[in-house]
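J.: Generate coordinates for the sequence data below:
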Amino acid sequence: MTDTDDFQQSTIAETHQGMVDDLSRHDTILRIPVTVQVVLGSAKMPVAHLMKLGRGAVVALDQRVGEPVNVVVNGRIVARGEVVVVDEDNSRFGVSLTEIVGSADADAFN
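T.: Next up, the predicted model:
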C-alpha cells in the first residue's frame, strides 16, 4: 500500500466515523421530550372576578368557534389546526394541522 492509499483509507474512516457521530447526535436530539399544547384561546379578567368563579362558571375565550387553534411546542407556536374528535365514543379530541407556522409568525406569540 502506498502513502496515498493509507491517506485515502484514513480519510474514509474519519468521514465514516463523523457520519456515525452525527447520526448518534441526531438520534439523541430526536429523543428529547417536548411539551405540546393546543391553545383554544385565552381570557383576561381581574383577580376579583377570577376569585368569584365556581363550578359551572363559563369563561369566554377570545377565540371563536371554527377559528384555527394554535399548536404550541415549548412555548412557541409551530402550527395551527382544527379541533377534531379522535375516538368513536367522542371522549378524546385531537388537532388536524392546517398550517405550519414560520419562525417570524411563531415569535409573535411570545
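J.: Now do the domain split for this structure, please.
T.: Segmentation of the chain into domains, based on automatic domain parsing, reads 1-32, 34-110.
J.: Out of the ones you listed, point me to the one whose mean pLDDT is lowest.
T.: Note on the domains of the chain: domain 1-32 shows the lowest mean pLDDT, a mean of 68.
J.: Who does the lengthiest strand in the chain pair with, and is each partner parallel or antiparallel?
T.: Identified as the longest strand of the chain according to DSSP state E is strand 76-85. Strand 76-85 has its sheet partners listed here by DSSP bridges as strand 69-73 (antiparallel), strand 93-100 (antiparallel).
J.: Tell me which of these lies nearest to Gly54.
T.: Proximity to Gly54 (C-beta to C-beta) singles out strand 93-100 among the strands paired with strand 76-85, at 24.9 Å. Every C-beta, even on glycine, is put in place using the N, C-alpha and C of the backbone.
J.: Give me the contacts around the closest one.
T.: Taking contacts as C-beta atoms under 8 Å, 6 or more residues apart in numbering, the residues outside strand 93-100 that touch it are 38, 68-69, 71, 78-86.
J.: list the contacts for the residue sitting nearest the centre point of the chain?
T.: Nearest to the geometric centre of the chain sits Val73, at 3.3 Å (C-alpha atoms, centre = their mean). By C-beta under 8 Å, 6+ apart, Val73 lies in contact with Val34, Thr35, Val36, Gln37.
J.: Take those and write them to a markdown table, including secondary structure.
T.: Listed next are the contacts of Val73 as a markdown table, based on DSSP: H, G, I helix; E, B strand; the rest coil:
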| residue | secondary structure |
| --- | --- |
| Val34 | coil |
| Thr35 | coil |
| Val36 | strand |
| Gln37 | strand |
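J.: of all these, which two lie farthest apart?
T.: Pairwise across the contacts of Val73, and taking C-beta to C-beta, the largest span is found between Val34 and Gln37, at 10.2 Å.
J.: Comparing the two, which residue is more hemmed in?
T.: Between Val34 and Gln37, Gln37 has the larger neighbour count (other C-beta atoms under 10 Å), namely 13 against 8.
J.: Many thanks, we can stop here.
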